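S.K.: quick one: sequence and predicted model below, then my questions.
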Amino acid sequence: MQTPSFHGFLVHSTIVVVNRRELQTLADIRLREARVLLRARQFSGAYYLAGYALECALKACIAKQSRRYEFPDKKIVNESWTHDLKKLAAIAGLERPCLQRSNSDAIFRRNWDVGTRWTPESRYGKTHKADCRLFLDAIMEENHGLLPWIEAFW
């Protein structure tokens, strides 16, 4: 019996197996989708998908730590199955670089605070235009945004 697939991702039961490159691609796709929704004034959806872009970017950083043919550390694997952006950043080894950047860049620090408040539970709420714009700016801003910064580590 052939394993079902979805856009190139293997599906085993309910687990989707993705690698670092696929997580990077997903981060880009989710961010593009969020921009489309923002332009369509669908602020709640834009906020939600932009948060997933950030999550995928952090998980790409975690995936970069894996070595081919090495058995992964169970604790890291289990802890990576979270949507908590601060926890993912810690697992990815970004705590110290984040602290250093935050100490030297107040705009980045503010963006980090805004960006890491996202949770997947936001799908149940209503996000207003101002909050959505603030969040997307925090993660996309060219010089102080979270995604451009994270991309240096993925």
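M.R.: Received the coordinates, thanks. Numbers count the residues shown, from 1 in each chain.

S.K.: next, residue 42: phi, psi?
M.R.: phi -100, psi 80 (degrees, to the nearest 10).

S.K.: start and end of stretch 97-116, how far apart?
M.R.: Start-to-end span of stretch 97-116 (C-alpha to C-alpha, to the nearest Å) is 15 Å.

S.K.: who's in contact with it?
M.R.: Contacts with stretch 97-116, where a contact means C-beta atoms under 8 Å, 6 or more residues apart in numbering, come from 54, 85-86, 89, 134-135, 137-139, 141, 143-146, 149, 153. For every residue, glycine as well, the C-beta is placed using N, CA and C.

S.K.: give me the mean pLDDT for it.
M.R.: Stretch 97-116 comes out with an average pLDDT of 97.

S.K.: tell me the buried residues in stretch 74-84?
M.R.: By neighbour count with 16 or more other C-beta atoms under 10 Å, stretch 74-84 contains the buried residues 80, 84.

S.K.: how far is it from where the chain is centred?
M.R.: Chain-centre distance of stretch 74-84: 14 Å, with C-alpha atoms, centre = their mean, to the nearest Å.

S.K.: before we move on, back to that, which one of the contacts of stretch 97-116 has the most neighbours?
M.R.: residue 135 (27 neighbours; other C-beta atoms under 10 Å).
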